[in-house]
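J.: Predicted model and sequence below, questions to follow.
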Amino acid sequence: MEKSVVRVENLSHRYNVQWAIRDINFEIDQRGVVGLLGSNGAGKSTTMNIICGVLKQTQGEVYVDGINFRENPVEAKRNIGFLPQKPPLYMDFTVDEYLTYCADLRMVDKMDVKKAVDEAKARCGISHFSSRLVRNLSGGYQQRVGIAQAIVHNPKFVVLDEPTNGLDPNQIVEVRHLIKEIAEERSVLLSTHILSEVQATCEEIKMIEQGQLVFSGTLDQFDNYIQPNTIMVTLANPPAEASLIWEGVSNVERVTDHRFRLRYDGCRETARRVAEQSVNRGWGLEELVVEKSSMDEVFAKLSGKANGEGKR
Ligand SMILES: Nc1ncnc2c1ncn2[C@@H]1O[C@H](COP(=O)(O)OP(=O)(O)OP(=O)(O)O)[C@@H](O)[C@H]1O
């Protein structure tokens, strides 16, 4: 069995003369939520549409559960669920009618359709709305119906394009929770512009900029992409600023009477040494924070990197 559920190899696509995405390679694990990040026009939708079989790539290969999309698209699609940015809901259907229709489209065996619909409804917490018209559901519940149609055929891989767009804060929390739950038994690729959403939901991140993959790694690796180089230290009995400069520390800024920002060489040892010295010399260490960059700063740096290299 393959370790990854999706494998993308040298994927490139152009709509006209310009490449929309160029030479993208990555794999997606069997479980968990992967965030797909990128600025507007970076190439996220193009990549997602190709992986979901909505768009045929110009070059490269996509394997879903080991099946090559080019060679066997129908089989590959059996393993994929897709919730586009605008959910494909039929407002005049009841929830049951709609999900039954989706199960048919997804070629669920006739004998298994009712069970599949019941399971998808239970999973998404909409069983009590079975007979309600989709149009009469709130935005949050309509989105749950959208997610239910994406998992009704029990796919191994689900793609959700900005699934919390337009929801109120409570609905956002609920839908995020649901996404995490469905990712316990399958893999979910989540496209979003909202960095706090990635932080709240994803374990892995792929970032595309200017049509190229500029980052692929864990949330922790993304957080630590820019090496921290300042330490904020709070001392009850601080010495003169000059005493705080020693090996590894290049500059000291006095923020308040008791707080200092030390610019350092990024070496972990330096932070440890600051703590040791503060204790040994009786400076009354109250707080020591290694100041990491925010996700926005990492995002901006990665976007800038792509722009600077003149991609496409
Ligand atoms: N149908 C199309 N015909 C021509 N060019 C297109 C088409 N769709 C997308 N593009 C171009 O391909 C590039 C990548 O677009 P894509 O929609 O994949 O980006 P995106 O990251 O999904 O952006 P957004 O976040 O704004 O949806 C852009 O330059 C876009 O203008």
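T.: Noted; the coordinates are in hand.

J.: need the contact list for Q85.
T.: Going by C-beta atoms under 8 Å, 6 or more residues apart in numbering, Q85 touches 161-162, 165. Every residue, glycine included, has its C-beta placed from N, CA and C.

J.: May I have the secondary structure class of it?
T.: coil (DSSP: H, G, I helix; E, B strand; the rest coil).

J.: Over to H153?
T.: Using three-state DSSP, the structure places H153 in coil.

J.: What ranges does the stretch 51-200 of the chain have for its strands?
T.: Taking DSSP state E, counting those that start in this stretch to define them, one finds strands in the stretch 51-200 of the chain at 59-64, 67-68, 80-83, 157-161, 187-191.

J.: how is this structure carved up into domains?
T.: 4-223, 230-290 (automatic domain parsing).

J.: what sits against V159?
T.: 48, 51-52, 80-83, 150, 188-189, 191.

J.: Get me the contact residues on this protein for the ligand.
T.: Residues of the chain lying close to the ligand by C-beta under 6 Å from any ligand atom are 15-16, 20, 38, 40-46.

J.: at 5 Å instead, please
T.: For the chain, the residues in contact with the ligand (C-beta under 5 Å from any ligand atom) are 15, 20, 38, 40-46.

J.: nearest to C102, of the residues you listed?
T.: Of all the residues of the chain next to the ligand, C102 sits closest to S45, with 21.6 Å by C-beta to C-beta.

J.: Correct me if wrong: that closest one contacts I208.
T.: No: using C-beta atoms under 8 Å, S45 is not in contact with I208; the gap is 10.1 Å.

J.: Give me the residues contacting stretch 265-273.
T.: Stretch 265-273 has contacts (C-beta under 8 Å, 6+ apart) with 227-229, 231, 246-250, 264, 288, 290.

J.: Spatially, which two of these are the most separated?
T.: Spatial extent of those (C-beta to C-beta) is set by the pair Q227 and W246 at 19.9 Å.

J.: Neighbour count for those two, which is higher?
T.: W246 (13 against 10; other C-beta atoms under 10 Å).

J.: For D112, see how far away that one is.
T.: With distances taken as C-beta to C-beta, to the nearest Å, W246 is found 70 Å from D112.

J.: How about D23?
T.: Taking C-beta to C-beta, one finds D23 at 41 Å from D112.

J.: Could you do L167 as well?
T.: In terms of C-beta to C-beta, L167 sits 31 Å off from D112.

J.: who has more neighbours, those two?
T.: The neighbour comparison of L167 against D112 (other C-beta under 10 Å) goes to L167, with 18 against 13.

J.: Residue ranges in the stretch 101-250 of the chain under the pLDDT threshold?
T.: Within the stretch 101-250 of the chain, no range satisfies pLDDT under 70.

J.: at 80 what do you get?
T.: The model of the stretch 101-250 of the chain has pLDDT under 80 over residues 226-228, 242, 244, 246-247.

J.: residue ranges of the helices in it, please?
T.: Assigned by DSSP state H, counting those that start in this stretch, the helices in the stretch 101-250 of the chain fall at 113-124, 139-151, 169-182, 195-201, 219-223.

J.: so can I have TSV of those helices showing mean neighbour count?
T.: Formatted as TSV, these follow (neighbours: other C-beta atoms under 10 Å):
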stretch	mean neighbour count
helix 113-124	19
helix 139-151	22
helix 169-182	16
helix 195-201	18
helix 219-223	16
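
J.: quick one: which of the ones you listed is nearest T256?
T.: Among those, helix 219-223 comes nearest to T256, with 27.1 Å by C-beta to C-beta.

J.: Who are the packing partners of the closest one?
T.: In terms of contacts (3 or more C-beta pairs under 8 Å, 6 or more residues apart in numbering; DSSP states H and E), helix 219-223 is packed against strand 204-209, helix 295-308.

J.: more crowded one of S45 and I208?
T.: Neighbours were counted for S45 and for I208 using other C-beta under 10 Å; I208 has more, 25 against 19.

J.: So what pairs up with the more buried one in the strands?
T.: As for beta bridges, I208 partners with L213 under DSSP bridges.

J.: dump the residue contacts of it.
T.: Applying C-beta under 8 Å, 6+ apart to I208 gives the contacts 21, 24, 36-38, 42-44, 47, 214.

J.: Dump those to CSV, plus secondary structure.
T.: Shown next, in CSV, are the contacts of I208 (three-state DSSP):
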residue, secondary structure
I21, strand
I24, strand
L36, strand
L37, strand
G38, coil
A42, coil
G43, coil
K44, helix
T47, helix
V214, strand
